[in-house]
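K.L.:
turn this into a structure:
(chains A and B)
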Amino acid sequence: MALQEIHLAFVGFGEAASAFVQGWAMARPLHLRAYDIKVDHNSADVRERKWQDYRLCGVNGCASLSEALAGSNFVLSVVTADQALVAARQAAKCIEPGTLFLDCNSCSPGTKRRAAEAIEKAKGRYVDVAIMAPVHPALHRVPLLLSGPHATEALPVLASLDMRAQAVDGPVGAASSIKMVRSIMVKGLEALTAECLLAGRRSGVDEQVLESLEASFPGFQWKERTAYMLERVMVHGIRRAAEMREVALTVEELGLCAPMTHAAVQWQQRIGELALPAKDGDYRKRADEVLQALSEAQQRGAMGSGEDYHDIPGTYIFDAEQSRRGYHLNMFCMSLNQEANRAAFRADESAYLKRYPMSEEQKAAVLQRDWNEMLRLGGNIYYTAKLAATDGLTFQDLAAKMTGLSREDYRKMMLEGGRSIVGNRSKSEWKHG
Amino acid sequence: MARIVAGIATSHVPAIGVAMDQQKTQEPYWQPVFQGFERSRQWIASLKPDVAIVVYNDHATAFSLEVIPTFALGCAAEFVPADEGWGRRPVPIVQGHPQLAWHMAQSLILDEFDLTIVNRMDVDHGLTVPLSLLFGQPQRWPCPVVPLCVNVVQYPPPTGNRCFQLGRAIRKAVDRFAPDLRVVIFGTGGMSHQLQAERAGLINSEFDNRFLDTLINDPRSAAAIPHVEYLREAGSEGIELVMWLVMRGALDEQVREVHRHYHVPASNTAVGHLVLENMLV
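P.N.:
As a prediction, this is how the structure comes out:
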């Protein structure tokens, strides 16, 4: 396929996509579209930055996935590992028949097979792609491995794009297996290095440890390598943690347990969440930066304000703080376990509430049946459910109200498998509506 | 001597109890939920256990925020099904086994599990729904029950590892009980579900199925799952799964999987169910 016959769409426009575009420079398809979920983000800043990315790279940014896929015959999906399946399923709704869909995300073979199923059902041609090295500095010349029944059909297109692709034998998932199994070592080694280095630095023996390692493994250049590996974790830890969760899945799909991979997820996630810039290139400076930030995070945790669950979206964990705040609200709800009290409450709600020293805010939330507000003000779901029961609502009716869905739509969502975990793990990926 | 012969894990969704009480089990919505328990009912009917230890959590029924025991052991002669706000469930009163329960309390406390002894406790759907699922709707429950109540409502619940270790201590306690009893232990609650706020309705079947496998084959890894992972991955109420670890800790290192059932949804919840037997029984 000649370059200008390629009608290309990016699903996801982050580091990988912009590196490819930069690498192609002028030798790029004229038809070049992109869609990234960040243009739907809650924050206007994030949205605006994404539109700016499109402009800077000179691609035709689209406001919706269907707009990006319309008229495209070649799709590169470069989202994050945990979004890959969602992206494929969404794309399946609007992909044109015959389109080559190259799923370049680092997912388990099982996830890729599920994504392939969705695309193939929509008459798209799914290709499993593994990106085998960092996209910088290689840009579009980064080595790619392809697998699946349409892998060889994608090769000439990638060749026209001057990309370095190679097909491996085997079904969808084969290429990903290579990448995933390799990641056990690459990202695991980073986590291991972080733990060793931080412990060494805190106990003041880092110098001796690295020199002794250098003696055991001469030529590895431990000081330089550790600085580099720590930088990867600091800057890309969250993304790498998501990838390592897929790696763990890969290992477990093979009937093995994956304790090393799970442990690597923890370091990648924890250090990634610190959001440190890793500017200074010296391993000591980087390690100190991480140690300092970890201590601060720990202190916040000990004071109860930086617990690791605060990042979960749409959720109130009933911890010490919430329990103190909501004590009287919950004890009011508890009283509704008795029919006599339910009757008294129904007869005169405001008068009944005076029996409990609740805040005015809490009383208002009760009277207005503002269920989420009750939770925010310290209510616990098992207690507020008693108020719901008094109103004749079931747990499911109550859940529907809290999510802003009708009873029927909520029930339908549950019948279709419930709210997906994908996109609902952390506040950063929360996008309502 | 008494011995633990098998473990049962099951969700305890209140709507399951309602469906049984209102004869809805053959409706298309409920049929696949209950079908997965048919084999288990036959299995337990032929096993005829002498006692069931049921690990469950109280949902603001017997305990409110006035007293929040982390582990509470029911030592009474009987336990009355509670009014949880919808009226009492039409199920038999639960007979206790005070002799075994008191023996367990003593043994566990001397084994450094400082649990709370409870002599009066109404029991809610957390305990009665698993009994209904396994025993159907009899006039009397076929065996006495020792309720073990775990706090999973007030954060933090006991860690998965603590629950697992408690299971091991329960095993030791039962092994030292002289009467010749065949005991089964229930771990209840879960699987993934979130009942509250904007993220309500969360289901994570990948997490759930991985948890089933890990619990059976590599329980120590399952016991190492941190709270935040349950909260994030299995929903805020999915953390009930720590109670399954008490059951697993009370069994052998290697167990035989007799039956497994997984279905989404029952109301807001992913239903999971396991029947595990000790190998040398």
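K.L.:
A:Ser160 against A:Leu3, yeah?
P.N.:
Yes - between A:Ser160 and A:Leu3 there is a contact under C-beta atoms under 8 Å: 5.0 Å. (Glycine included, C-beta is placed from N, CA and C.)
K.L.:
between those two, what contacts are shared?
P.N.:
Overlap between the contact sets of A:Ser160 and A:Leu3, as judged by C-beta atoms under 8 Å, 6 or more residues apart in numbering or on different chains, is nil.
K.L.:
neighbours of B:Trp102, how many?
P.N.:
A count of neighbours around B:Trp102, defined by other C-beta atoms under 10 Å in any protein chain shown, yields 14.
K.L.:
does it lie in a helix or a strand, and which?
P.N.:
helix B:98-110 (DSSP states H and E).
K.L.:
report all helices and strands that that helix contacts.
P.N.:
Here helix B:98-110 is seen to pack against strand B:71-74, strand B:145-150, helix B:160-175 when contacts are counted using 3 or more C-beta pairs under 8 Å, 6 or more residues apart in numbering or on different chains; DSSP states H and E.
K.L.:
now the shortest one, how far from the centre of its chain.
P.N.:
Shown here is strand B:71-74, whose average C-alpha point lies 13 Å from the average C-alpha point of the whole chain (C-alpha atoms, centre = their mean, to the nearest Å).
K.L.:
can you check stretch A:200-212 too?
P.N.:
Centre to centre, stretch against its chain (C-alpha atoms, centre = their mean), the figure for stretch A:200-212 is 34 Å.
K.L.:
residues touching that stretch, excluding its own?
P.N.:
By C-beta under 8 Å, 6+ apart, the list of residues contacting stretch A:200-212 reads A:Cys196, A:Leu197, A:Trp222, A:Lys223, A:Thr226, A:Tyr283, A:Arg284, A:Ala287, A:Asp288, A:Leu291.
K.L.:
residue ranges with poor pLDDT in the chain?
P.N.:
Going with chain A. Flagging of chain A using pLDDT under 70 yields the residue ranges A:300-307, A:431-433.
K.L.:
ah, no, chain B please
P.N.:
Scanning chain B for pLDDT under 70 picks out B:280-281.
K.L.:
switch to 90 and redo it
P.N.:
For chain B, the stretches with pLDDT under 90 are B:83-88, B:217-218, B:220-221, B:224, B:253-254, B:279-281.
K.L.:
by proximity to chain A, which residue of it wins?
P.N.:
For chain B, the residue closest to chain A is B:Ile203, as judged by C-beta to the nearest C-beta, at 2.8 Å.
K.L.:
for that residue, which non-adjacent residue is closest in space?
P.N.:
Sequence neighbours aside, A:Gly418 is the residue nearest to B:Ile203 in space, at 2.8 Å (criterion: C-beta to C-beta, 6 or more residues apart in numbering or on different chains).
K.L.:
quick check on that neighbour: phi, psi?
P.N.:
phi 90, psi -180 (degrees, to the nearest 10).
K.L.:
run through the strands of the stretch 101-250 of chain B in chain order.
P.N.:
Listed in chain order, the strands of the stretch 101-250 of chain B (DSSP state E, counting those that start in this stretch) span residues B:116-118, B:145-150, B:182-188.
K.L.:
got those as JSON lines, with mean neighbour count and distance to A:Arg49 columns?
P.N.:
Compiled in JSON lines, the strands of the stretch 101-250 of chain B are given as follows (neighbours: other C-beta atoms under 10 Å in any protein chain shown; distance: least, C-beta to C-beta, whole Å):
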{"stretch": "strand B:116-118", "mean neighbour count": "18", "distance to A:Arg49": "54"}
{"stretch": "strand B:145-150", "mean neighbour count": "27", "distance to A:Arg49": "47"}
{"stretch": "strand B:182-188", "mean neighbour count": "26", "distance to A:Arg49": "48"}
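K.L.:
can I see the domain layout of chain A?
P.N.:
Chain A breaks down into these domains under automatic domain parsing: A:3-172, A:177-306, A:320-429.
K.L.:
residues contacting A:Ser131?
P.N.:
In this structure residue A:131 is Ile, not Ser. Contacts of A:Ile131 were listed using C-beta under 8 Å, 6+ apart, and they are A:Ala16, A:Cys104, A:Ser106, A:Val142, A:Pro143, A:Leu144, A:Lys179.
K.L.:
my guess is the third one contacts A:Ala175. True?
P.N.:
Looking back up the chat, that one is A:Ser106. No - A:Ser106 is not in contact with A:Ala175 according to C-beta under 8 Å; the separation is 10.7 Å.
K.L.:
for the two, list the residues in contact with both.
P.N.:
Counting by C-beta under 8 Å, 6+ apart, the residues touching both A:Ser106 and A:Ala175 are A:Ala130.
K.L.:
the more surrounded of the two?
P.N.:
A count of neighbours by other C-beta under 10 Å puts A:Ala175 above the other of A:Ser106 and A:Ala175, at 29 against 24.
K.L.:
what residues of the host helix or strand of that one count as buried?
P.N.:
Under the assignment given by DSSP H and E, the secondary-structure element containing A:Ala175 is helix A:174-202. Residues of helix A:174-202 classed as buried under the neighbour-count rule (16 or more other C-beta atoms under 10 Å in any protein chain shown) are A:174-177, A:179-180, A:183-184, A:186-188, A:190-194, A:196-198, A:200-201.
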